[in-house]
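In: coords please:
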Amino acid sequence: MTIQTFDIDPAWHDVGAVTDIPERGSRRVATAQGDVAVFRTGDGQVFALVDRCPHKHGPLSQGIVHGHGVTCPLHSWVIDLKTGQPTGADAGKGCTPVVPVRVQDGRVLMAQPVMAG
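Out: Numbers count the residues shown, from 1 in each chain. Below is the predicted model of the structure:
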């Protein structure tokens, strides 16, 4: 399995308080390279993916978060939040780029996505 990521600028950017992201929900963050969906799972973990499903480019930030996955609102593909890979019958049919995030002192820090060269 290959995990697709952007080349990462070493700077981390504060995108808000972890409590600004609803539990089992997401928040869309605009970047110069396009929108990123930042998710918070029911167990409090935070993940970030480029806000586009690999299938029909649906906005993953509008999907339903369950476990460590998000269901695309357009065609119900389930995307693994850690890897960006579709799961189940759709496995291996594309990948959503992962954007590194971390939580520090209750704030969500995101690496700035930079187009891979």
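
In: Next, count neighbours for the nearest residue in space to Gln62 that is not next to it in sequence.
Out: Leaving aside its chain neighbours, Gln62 sits nearest to Pro73 (4.7 Å; criterion: CB to CB, 6 or more residues apart in numbering). (Each C-beta comes from the backbone N, C-alpha and C, glycine too.) Pro73 has 15 neighbouring residues, counting by other CB atoms under 10 Å.

In: Which pLDDT value goes with the closest residue to Pro86 other than its chain neighbours?
Out: For Pro86, ignoring the flanking residues on the chain, the nearest one in space by CB to CB, 6+ apart is Trp77 at 5.1 Å. With respect to pLDDT, Trp77 has a value of 94.

In: Does Trp77 touch Val70 like I think?
Out: No: using CB atoms under 8 Å, Trp77 is not in contact with Val70, being 9.2 Å away.

In: more neighbours, the two?
Out: Val70 (28 against 25).

In: helix/strand/coil for that one?
Out: State at Val70, reduced to three classes by DSSP: H, G, I helix; E, B strand; the rest coil: strand.

In: So the residue minimising distance to the centre of the chain versus Pro73, what's the distance?
Out: In the chain, the C-alpha closest to the average C-alpha coordinate belongs to Leu49, at a distance of 2.2 Å (CA atoms, centre = their mean). Leu49 sits 14 Å away from Pro73, going by CB to CB, to the nearest Å.

In: Let me see the ranges of the strands in the protein.
Out: Assigned by DSSP state E, the strands in the chain fall at 7-17, 25-31, 34-40, 46-50, 64-66, 69-71, 78-80, 101-104, 107-114.

In: May I see those strands organised as JSON lines, with distance to Gly88 added?
Out: Formatted as JSON lines, these follow (distance: least, CB to CB, whole Å):
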{"stretch": "strand 7-17", "distance to Gly88": "29"}
{"stretch": "strand 25-31", "distance to Gly88": "21"}
{"stretch": "strand 34-40", "distance to Gly88": "19"}
{"stretch": "strand 46-50", "distance to Gly88": "17"}
{"stretch": "strand 64-66", "distance to Gly88": "13"}
{"stretch": "strand 69-71", "distance to Gly88": "10"}
{"stretch": "strand 78-80", "distance to Gly88": "6"}
{"stretch": "strand 101-104", "distance to Gly88": "25"}
{"stretch": "strand 107-114", "distance to Gly88": "27"}
